[in-house]
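Undergrad: predicted model follows, preceded by the sequence.
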Amino acid sequence: MNALAECIKRRGHELGFQQVGITNTDLDDHEHYLERWLAAGHQGEMGFMAKHGTKRTRPEELVPGTLRVISVRMDYLPPEVETTRVLGQPSKAYVSRYALGRDYHKLMRKRLATLAKAIEDDVGTFGYRVFVDSAPVMERALAQKAGLGWFGKNSMLLNPQAGSLFFLGELYTDLPLPVDAPFESEHCGKCSQCRIACPTGAIVDDKVVDSRRCISYLTIELHGSIPEKYREAMGNRIYGCDDCQLVCPFTRFTRASDEKDFAPRHDLDRAELVRLFAWSEEEFLLKTEGSAIRRIGYERWLRNLAVGLGNAPYSIGVEAALRARLAYPSDLVREHVRWALDRQHEKRKTVIATSA
């Protein structure tokens, strides 16, 4: 089993995973944390976080017979992609850097399935299931136990060589493999840059994020109207938010990924808000094919962009783009467009007063 574990790690690296670790299924401490988080209502509308009960924190209940979890890490930041610079250009759209290219779920599931087939070639038929953010799995907790990193104050898993700009995936198995030592030490120290940088104050305590305030939740998970108290703070972030990751001192150690599938599509790493807002639904579906962005749908895409345009500097082009959507057949979109136009009108008054 020791030799098999080493072989699994070697093949994992050959498949493009930057790190592979193995752990058991004991998540008692993390189960208590999840219970407290849910009791506080921090999950917002994400009912799936509680839906499956203890299957999330007890892998052997989700997949009977599971003895070990193989946890993998894959870095995703494409080379030469602008990050904080785009945030400083309010007429451009900021898309969370993990979503610029192909949907990582499919890519990583395929690689993990290939790894499982390689193991099967060595040991014969064995029990396993592959997961990539696709089931009730405590992926960060399992990764920490497998030695892949520690929990930062923003609740993200941090790795000393990669910050937190990576994806996680799991292979549940019934093989009694030797386990790796968990990553016990935490290197955040007195640093609180992530908490300070959060635009909406969503990091309410060390390692505790109130999703209802988080821009990633507001732009991706929330189906209804974005609370007005958070709209200005969203700035030009139209899909997700990376602020707490980008300011982390460990992010400077992140290495660019050579995975071509993670390269930006349709200039989404630097696109103008007005241009994206002009996409028809057909264009949206075509240009987000195979992308994680498609899951929010066209209506929420327009909702998010309307907020971004409301926060953009005043221009005739922005105002015209918003007016063109005033009659859009969606109460949700129209409400955000009206808010954005009100913001633009106030900015126009300021421009006129300043130039007078």
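TA: In hand now; what should we look at? What you are looking at is a predicted structure, and each value in this text was computed from that prediction instead of being measured.
Undergrad: any idea how far Ala93 is from Gln161?
TA: 30 Å (CB to CB, to the nearest Å). C-betas here are computed from N, CA, C, even on glycine.
Undergrad: higher neighbour count, the two?
TA: Ala93 (27 against 14; other CB atoms under 10 Å).
Undergrad: please name the residues that touch that one.
TA: Shown in contact with Ala93 (CB atoms under 8 Å, 6 or more residues apart in numbering): 86, 236, 238, 268, 271-273, 276, 305, 308.
Undergrad: again, but for Arg129
TA: 63, 171-172.
Undergrad: run a quick neighbour tally on the nearest residue to Leu38 once chain neighbours are set aside.
TA: Counting by CB to CB, 6 or more residues apart in numbering, Leu38 lies nearest to Ala50, which is 5.2 Å off, once chain neighbours are set aside. Ala50 has 15 neighbours, counted by other CB under 10 Å.
Undergrad: doesn't Ala50 lie inside a strand?
TA: No: secondary structure of Ala50 (DSSP: H, G, I helix; E, B strand; the rest coil): helix, not part of a strand.
Undergrad: how close does it get to His32?
TA: Distance from Ala50 to His32, counting by CB to CB: 14 Å.
Undergrad: likewise Ala327?
TA: Ala327 is 51 Å from His32, by CB to CB.
Undergrad: more crowded one of the two?
TA: For the pair Ala327 and His32, the greater number of neighbours falls to His32 (11 against 8), based on other CB under 10 Å.
Undergrad: host element of Pro79?
TA: For Pro79, there is no helix or strand it lies in under DSSP states H and E.
Undergrad: look up the closest residue to it, ignoring the ones flanking it.
TA: Spatial nearest neighbour of Pro79, excluding adjacent residues (CB to CB, 6+ apart): Ala256 at 3.8 Å.
Undergrad: also Asn24?
TA: Nearest one to Asn24, counting by CB to CB, 6+ apart, is Val179 at 5.3 Å.
Undergrad: now Leu326
TA: That would be Val337: by CB to CB, 6+ apart, it lies 5.9 Å from Leu326.
Undergrad: what residues does whatever helix or strand that neighbour lives in touch?
TA: Per DSSP H and E: Val337 is located in helix 331-355. Residues from elsewhere that reach helix 331-355 (CB under 8 Å, 6+ apart): 224-226, 228, 231, 299-300, 302-303, 306-307, 309-314, 318-319, 322-323, 325-328.
Undergrad: now with 7 Å, please.
TA: When contacts are defined by CB atoms under 7 Å, 6 or more residues apart in numbering, helix 331-355 is touched by residues 224-225, 228, 231, 299, 302-303, 306-307, 309-311, 313-314, 318-319, 322, 325-326, 328.
Undergrad: what about the chain, any weak spots by pLDDT?
TA: 356 (pLDDT under 70).
Undergrad: any idea how many residues pack against Cys244?
TA: Neighbours of Cys244 using other CB under 10 Å come to 27.
Undergrad: what's the spacing between stretch 307-319 and its chain's center?
TA: Its chain's C-alpha centre and that of stretch 307-319 lie 26 Å apart, by CA atoms, centre = their mean, to the nearest Å.
Undergrad: dihedrals phi and psi, Trp277?
TA: Residue 277: Phe, not Trp. phi -70, psi -20 (degrees, to the nearest 10).
Undergrad: burial measure for it, as a count.
TA: 23.
Undergrad: so what's it up against?
TA: Applying CB under 7 Å, 6+ apart, we find Phe277 in contact with 302, 305, 309, 321.
Undergrad: so which of those residues wins on neighbours?
TA: In terms of neighbour count, Leu309 stands highest of the contacts of Phe277 at 30 neighbours, by other CB under 10 Å.
Undergrad: quick one: Leu107 and Asp261 touch, right?
TA: Yes: counting by CB atoms under 7 Å, Leu107 touches Asp261, with 5.5 Å between them.
Undergrad: so those two - more neighbours on which side?
TA: The neighbour comparison of Leu107 against Asp261 (other CB under 10 Å) goes to Leu107, with 21 against 15.
Undergrad: good, wrapping up.
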